[in-house]
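>>> Model the following, please.
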Amino acid sequence: MNSAPALNTFHNLIGEHQTFLEAKRIAKQFSLTELPVLITGKIGTGKDHVAQAIHQESSRYSEPFISVNCSIHSEESLMRELFGHDGKSGAFQKAAQGTLFLDEVWRMPASVQAQLLKVLDSNTELPRMICAATDGYAEHAFRQDLFYRLNILTLTLPELSERKSDIPLLAQYFLTNSGRQLSVDPSVFSMLERHTFEGNVRELKNAADYMAAVSNGGTIHPYDLPPYIRGALDGKASKKKEKLLTLMEKAEFLFILETIKVLNEKGEPASRRFISEHSKNTQTSLSPQQVRSRLDYLEKKDYVTKSRGRAGTKITLEGLGFLETLKNQMI
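Prediction:
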């Protein structure tokens, strides 16, 4: 049982996609009533956060918000958790003036369902009921009389794949709340949008936490992405056919990409002039015009992105993979 303060409000529910805004609008309307609410959606879509927001917006906002996950308890343990035992109050008593949130409610054993129905039919003071279920709940056996007591106001939350335009907004929000001052290379957002987030918003938050933890500078780069995301994108990139390069071309591309990578990590601009000047101290001497030609090729292959001004050239995730391939070939 979790009786910690419900910190999530509708202000904390981030998104601008129309499907999300509509779900948020309906949830706000639900907060104006005392009727039971059933929230459904895939894993990680934020069902518990929406439940807290409904409570915070309701007339019971100053009373307890008690959360019980029905899937993590045994039959006996869940019975004690909800209804109390040996003189100890259960969730129903503790949340009597507030809201009781039952997560994964359809996993509730038959005996607990019977007791819950009995309590709901009693004349005692009851909490506001909000239940949640992951998609596929219909597969679980659940008594029909209780189902229709709980399934009055229904809300289905959209998957992240249905609102991909919200990914940059959510990622930036999570990074901002990481406690570090971080900016994000735009290429990172496009790579995140290409990833299939089966864990939805929860998985995206995990990815943002990872990037904030591993980033050395003040900017998140493609190589700061979690390995499992980089690996999936590397697999897609490896399918692209490469033209046969001469040994000299490989050496030039290796030098250019390595130089750009080092400068990116330092947060310094990677200009054509700097790369050319730096090459004079190596066996790979390149004029600014030659650097420009090589960068044009790398950009067409999506190995780098070029920006005007101080930002300069940035190496992409595909470029990092190509760089490692060149290193192995030049050994």
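>>> Can you pull out the residues in contact with the biggest helix by length in the chain?
Assignment by DSSP state H gives helix 247-266 as the longest helix of the chain. Under the contact criterion C-beta atoms under 8 Å, 6 or more residues apart in numbering, helix 247-266 has outside partners 216-217, 221, 245, 269-270, 274-275, 278-279, 282-284, 286, 290-291, 294-295, 298, 303-304, 312-315, 319-320, 322-323, 326-327, 329-330. (Each C-beta comes from the backbone N, C-alpha and C, glycine too.)
>>> For the protein, which segments count as helices?
Under DSSP H, the chain gives helices at 18-30, 47-57, 75-83, 91-94, 110-121, 144-150, 167-176, 186-194, 200-214, 227-237, 247-266, 272-279, 288-300, 317-330.
>>> Give me whichever of the ones you listed is most buried.
Stretch with highest mean neighbour count among these: helix 47-57 (a mean of 24; mean count of other C-beta atoms under 10 Å).
>>> now that one, how far from the centre of its chain.
Counting by C-alpha atoms, centre = their mean, to the nearest Å, helix 47-57 is centred 18 Å from the centre of its parent chain.
>>> got the angle between it and helix 18-30?
40 degrees (axes from the mean of the first three to the mean of the last three C-alpha atoms, to 10 degrees).
>>> what is the orientation angle of helix 47-57 with helix 200-214?
100 degrees.
>>> tell me which strands and helices helix 47-57 is in contact with?
helix 18-30, strand 37-41, strand 65-69, strand 99-103, strand 128-134 (3 or more C-beta pairs under 8 Å, 6 or more residues apart in numbering; DSSP states H and E).
>>> could you redo the last one with a cut-off of 10 Å?
Applying 3 or more C-beta pairs under 10 Å, 6 or more residues apart in numbering; DSSP states H and E, we find helix 47-57 packed against helix 18-30, strand 37-41, strand 65-69, strand 99-103, strand 128-134, strand 153-156.
>>> Can you dump the C-alpha atoms of the first one in CSV for me?
The reference is to helix 18-30. Below are the C-alpha coordinates for helix 18-30, written out as CSV (Å, rounded to 0.1, in the frame of the first residue of the first chain):
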residue,chain,number,x,y,z
GLN,A,18,-4.3,15.7,-30.1
THR,A,19,-4.9,12.2,-28.8
PHE,A,20,-3.2,12.9,-25.6
LEU,A,21,-4.8,16.3,-25.1
GLU,A,22,-8.3,14.6,-25.6
ALA,A,23,-7.5,12.0,-23.0
LYS,A,24,-6.3,14.7,-20.6
ARG,A,25,-9.5,16.7,-21.2
ILE,A,26,-11.7,13.7,-20.4
ALA,A,27,-9.7,12.9,-17.2
LYS,A,28,-10.2,16.5,-16.0
GLN,A,29,-14.0,16.1,-16.5
PHE,A,30,-13.9,12.8,-14.5
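>>> If anything else comes up later, I'll come back, but that's it for now.
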